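Asker: Sequence first, predicted model second:
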Amino acid sequence: MAEAVAGCVALLRTAADGRDWDGVKAGRLEWSCRRTAEHISSDLIAYAGQLAGRATEAYVPFEIVMEGGTDNAGVVDVIETTGALLAAAVRTTPREVRAFHPYPFRSANREGFAAMGIAEVLLHTHDIAEGLGLAYEPPAALCEWVLTRIFPHVRPGPDHWRTLLWATGRGELPGRAPVTEWRWNNNLVIESERLTLQGVTPAAAAELRAGGTGGFEWIEGGPFEGTRDAAGMVVKAYEGGAHRPEWGMFVLVRREDGRAVGGMGFHGVPDEEGRAEVGYDLAENARGQGYATEALRALSAWALARDDVRLLFAAIDRDNTPSQGVISRAGFTRVTEDVEQHAYDVHGMDRSLQLYARES
């Protein structure tokens with residue numbers, strides 16, 4: 001956040017004196033450069049307020065207003081100050097706190113608000129710079145940070161800044177259609193009695209695949225190897241442009257202490273017949289406490305309530321009795337021999353696996 005704001009204010013201060021920001025449109029926006037600069041500070045203070053106040057139902061009903069006679073340099077000072085306030089709010093907010101943001105799942109954590117704040121700064125600084133005829137290009141690492149956290153549905157390109165501009169309707173990329181409507185995408189969180197199922201971003205998945213924590217605080221012995229494998233599937237789908245975050249991977253986090261105990265999720269989006277495959281994995285020290293069953297019930301209920309899902313299925317090793325117990329307690333039943341034989345013969349399913357399904 002500090003780096004993004006510093007780059008913004010440094011650039012805008014070079015054009016703060018003697019320029020009519022009110023009379024010049026900001027790039028492709030309908031707003032003037034002045035209005036766009038004020039909008040940056042409004043968003044930064046709003047995000048800081050959401051985190052600080054822990055608002056969960058709506059935006060805190062306040063707005064920032066510049067004093068009469070505030071010149072361009074004063075507006076830039078406000079951007080710098082509100083950026084510092086958001087940075088402080090992000091830094092001091094506990095990891096598990098989520099506050100209201102309308103799109104797409106009505107909440108975001110501190111990382112989400114930081115990413116949204118950075119995106120606002122980078123993109124609107126670009127708009128103002130375009131309007132005033134200034135050269136601007138933020139650090140590639142900042143652009144990648146934003147893309148891998150709130151644009152998980154956007155296939156990465158060779159240039160992170162150009163990809164971010166394209167994804168927000170501000171530029172073109174070879175081989176990709178122009179973007180006319182866009183939204184960023186904070187991670188989905190599904191709640192159960194003792195757990196929260198927290199959607200894993202491409203950034204977190206990459207860290208998990210590489211042997212890290214993914215930004216989660218794990219219990220001893222976690223994450224287990226299956227979780228790291230699933231994270232690799234998320235990264236592969238993201239890099240191929242096939243990742244859809246709500247149909248990816250979730251980390252299971254205990255409410256009581258904020259520690260992660262395992263992973264669960266889908267092997268991809270539902271097919272044309274509304275079928276989706278689920279999988280799960282727990283750290284060894286978390287097994288035998290009903291976490292997997294509880295999480296699978298919550299995930300299944302969320303998925304089967306959708307119009308595009310008719311059936312969930314899971315392939316379980318014949319020798320994995322505990323996992324068979326989990327899938328059965330979560331409401332799945334063994335499919336018929338004919339269906340299972342079809343999966344072996346037509347879909348190439350390993351014959352060491354048994355197929356379980358749950359319908360809507």
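Answerer: Looks like it arrived, so ask away. Residues are numbered from 1 along each chain as shown.
Asker: Report how many residues lie close to the nearest residue to Leu282 once chain neighbours are set aside.
Answerer: Once flanking residues are discounted, Leu282 sits nearest to Gly262: 3.6 Å by Cβ to Cβ, 6 or more residues apart in numbering. Bear in mind the C-beta positions are built from the backbone N, C-alpha and C, glycine included. Neighbouring residues of Gly262 were enumerated by other Cβ atoms under 10 Å; the total is 27.
Asker: what's Gly262 in contact with, if anything?
Answerer: Neighbouring residues of Gly262 by Cβ atoms under 8 Å, 6 or more residues apart in numbering: 222-224, 227, 251-252, 280-283, 286, 291-292, 295.
Asker: For Val60, state which of those residues is nearest.
Answerer: Val251 (28.7 Å; Cβ to Cβ).
Asker: What is the host helix or strand of the closest one packed up against?
Answerer: For Val251, the host element (DSSP states H and E) is strand 249-254. Under the contact criterion of 3 or more Cβ pairs under 8 Å, 6 or more residues apart in numbering; DSSP states H and E, strand 249-254 touches strand 195-199, helix 225-239, strand 259-266, helix 291-304.
Asker: could you give the angle of it to strand 259-266?
Answerer: Angle of strand 249-254 versus strand 259-266, following axes from the mean of the first three to the mean of the last three Cα atoms, to 10 degrees, is 150 degrees.
Asker: now strand 249-254: mean pLDDT?
Answerer: If you average the pLDDT over strand 249-254, you get 98.
Asker: what does it contact?
Answerer: Identification of contacts with strand 249-254 by Cβ under 8 Å, 6+ apart yields 96, 188, 190, 194-200, 204-205, 214, 216, 223, 227, 230-231, 233-234, 259-266, 282, 291-292, 295, 299.
Asker: Low-confidence stretches in this protein?
Answerer: Low-confidence segments of the chain, defined by pLDDT under 70: 346.
Asker: can you do 80?
Answerer: 18, 342-347, 349 (pLDDT under 80).
Asker: which residue ranges form the strands in it?
Answerer: Remark: strands assigned in the chain by DSSP state E are 98-99, 108-109, 189-191, 195-199, 217-218, 249-254, 259-266, 275-282, 311-317, 333-334, 353-359.
Asker: what lines up beside the fourth one in the sheet?
Answerer: The pairing partners recorded for strand 195-199 under DSSP bridges are strand 189-191 (antiparallel), strand 249-254 (antiparallel).
Asker: if I pick Gly175, what's in contact with it?
Answerer: Residues near Gly175 by Cβ under 8 Å, 6+ apart: none.
Asker: Can you tell me how far it is from Val146?
Answerer: As judged by Cβ to Cβ, to the nearest Å, Gly175 and Val146 stand 22 Å apart.
Asker: Please apply the same query to Leu123.
Answerer: From Leu123 across to Val146, the span is 9 Å (Cβ to Cβ).
Asker: Mutual contacts of those two, please.
Answerer: Common contacts of Leu123 and Val146 (Cβ under 8 Å, 6+ apart): Leu164.
Asker: coming back round to it: out of the contacts of Gly262, who's nearest Asn109?
Answerer: Among these, and counting by Cβ to Cβ, the member closest to Asn109 is Val251, at 12.3 Å.
Asker: Any idea what that closest one is bridged to?
Answerer: Going by DSSP bridges, Val251 is paired in beta bridges with Gln198, Gly263.
Asker: Report the separation between it and Leu282.
Answerer: From Val251 to Leu282 the distance is 11 Å (Cβ to Cβ).
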